[in-house]
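A.B. asks: With the sequence up front, the predicted model follows.
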Amino acid sequence: MKRFKDLPKKPTSVALDETTIQELKGMAEIQGIPCQVLIRVFILDGLERLKKAS
């Protein structure tokens, strides 16, 4: 993830249900990172997996 740390970020919006948001916040708290960082990690990890699968 460090390779993406210094790249400029562009704000985006994603609609999530309240249960998902609460789960993400809880997981982020356990990991000791901000919720948006956790979401970014999930998205980037998912993209890498998709690239490898294709």
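C.D. replies: Yep, it's here.
A.B. asks: sec struct for residue 16, please.
C.D. replies: Taking DSSP: H, G, I helix; E, B strand; the rest coil as the rule, one finds residue 16 in the coil state.
A.B. asks: Give me the number of neighbouring residues for it.
C.D. replies: 11 (other CB atoms under 10 Å). To be clear about C-beta, it is placed using only N, CA and C from the backbone, and glycine gets the same treatment.
A.B. asks: which residues does it contact?
C.D. replies: Residue 16 is in contact with residue 24, counting by CB atoms under 8 Å, 6 or more residues apart in numbering.
A.B. asks: where's the residue nearest the centre of the chain, which helix or strand?
C.D. replies: The centre of the chain sits closest to residue 39, judged by CA atoms, centre = their mean, with a distance of 1.8 Å. Using DSSP states H and E, residue 39 sits in helix 35-53.
A.B. asks: Now that helix: buried residues?
C.D. replies: By neighbour count on 16 or more other CB atoms under 10 Å, the buried set for helix 35-53 is 38, 39.
A.B. asks: Going by contacts, tell me the helices and strands next to that helix.
C.D. replies: With contacts taken as 3 or more CB pairs under 8 Å, 6 or more residues apart in numbering; DSSP states H and E, helix 35-53 sits against helix 18-31.
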